[in-house]
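S.K.: just a sequence and a predicted model for now, questions to come.
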Amino acid sequence: MRTVFTILAACLIISSFAGPIQAQWVQTNGPYGAGRYVNALAISDTDLFAGTEDGGVFRSMNNGASWTASNNGLRATSVNAFVVSGTNLFAGTDSGVFLSTNNGTSWIAVNTGFAYGHL
C-alpha cells in the first residue's frame, strides 16, 4: 500500500510542475481566391488536400504553407468530400466521384453503378 501511495504522490508532484497542455492553431496560406471555401480536407502520404466550393482540389506538400491546384481530369469544381484508401484518393463532387491513384496529380471519373443520370 505504501508503494501505491508513493507512486500517486510522485505523479501528483510531477503533474503540478508540467502545467496544462494547450493546443495551438496556426493559420496557413490559403488556398485563396473567389469561391475557394474549403469543404473537405484529407491527408494522403505526406500531402494535404483541400476540396473547395468552386476551385476544385488544392494540394499542399509543405503542411499548408503553399497550395497548388490539382485538377487534371477533374470535371467538377465543387469538392465536398475525400476518402483515402491505401494509395487511392477519392473526391466526392457535385458531378460524381473521382479517383486519383497518383496522389492528386490526375483524376478519373469512377461513377459506374450510380443510379442518378447526372453522375
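M.R.: Ah, there it is.
S.K.: now for Tyr37, how many residues are close by?
M.R.: As a burial measure, Tyr37 scores 12 neighbours (other CB atoms under 10 Å). Where you see a C-beta, it was placed from the backbone N, CA and C, and this is true even at glycine.
S.K.: right, I mislabeled it, should have said Gly55
M.R.: Other residues close to Gly55 by other CB under 10 Å number 22.
S.K.: setting the sequence-adjacent residues aside, check what's closest to the most centrally placed residue in the chain.
M.R.: What sits nearest the mean C-alpha location of the chain, by CA atoms, centre = their mean, is Ala42, with 2.0 Å. Nearest in space to Ala42, with sequence neighbours left out and distances taken as CB to CB, 6 or more residues apart in numbering, is Phe82 at 3.5 Å.
S.K.: which parts of the chain are helices?
M.R.: Counting by DSSP state H, the chain has helices at residues 2-18.
S.K.: was I right about Leu74 contacting Val57?
M.R.: Yes. With contact defined as CB atoms under 8 Å, Leu74 reaches Val57; the gap is 6.2 Å.
S.K.: any idea what the residue nearest to Ala42 is bridged to?
M.R.: Per DSSP bridges, the residues bridged to Phe82 are Ala91.
S.K.: distance of Leu41 relative to Phe114?
M.R.: For Leu41, the distance to Phe114 (CB to CB, to the nearest Å) stands at 24 Å.
S.K.: again with Asp54
M.R.: In terms of CB to CB, Asp54 sits 23 Å off from Phe114.
S.K.: over to Pro31?
M.R.: For Pro31, the distance to Phe114 - CB to CB - is 28 Å.
S.K.: mind listing the shared neighbours of Leu74 and Val57?
M.R.: Listed contacts common to Leu74 and Val57 are Ala91, Trp107; contacts here mean CB atoms under 8 Å, 6 or more residues apart in numbering.
S.K.: tell me which of the two has more neighbours.
M.R.: Val57 (29 against 21).
S.K.: export stretch 65-84 to CSV, keeping only CA atoms.
M.R.: Extracted C-alpha coordinates of stretch 65-84, given in CSV (Å, rounded to 0.1, in the frame of the first residue of the first chain):
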residue,chain,number,x,y,z
ALA,A,65,2.5,26.8,-46.3
SER,A,66,1.6,26.9,-50.0
TRP,A,67,-1.1,25.3,-52.2
THR,A,68,-1.3,24.3,-55.9
ALA,A,69,-4.4,23.5,-57.9
SER,A,70,-4.6,19.7,-58.6
ASN,A,71,-7.4,19.4,-61.0
ASN,A,72,-6.1,17.5,-64.0
GLY,A,73,-9.0,15.3,-65.2
LEU,A,74,-11.4,16.6,-62.5
ARG,A,75,-14.6,17.8,-64.3
ALA,A,76,-16.1,19.3,-61.2
THR,A,77,-15.2,22.5,-59.3
SER,A,78,-17.1,21.8,-56.1
VAL,A,79,-15.4,19.1,-54.0
ASN,A,80,-17.4,18.1,-50.9
ALA,A,81,-15.6,15.1,-49.5
PHE,A,82,-12.4,13.0,-49.6
VAL,A,83,-11.7,9.4,-48.8
VAL,A,84,-8.2,7.9,-48.7
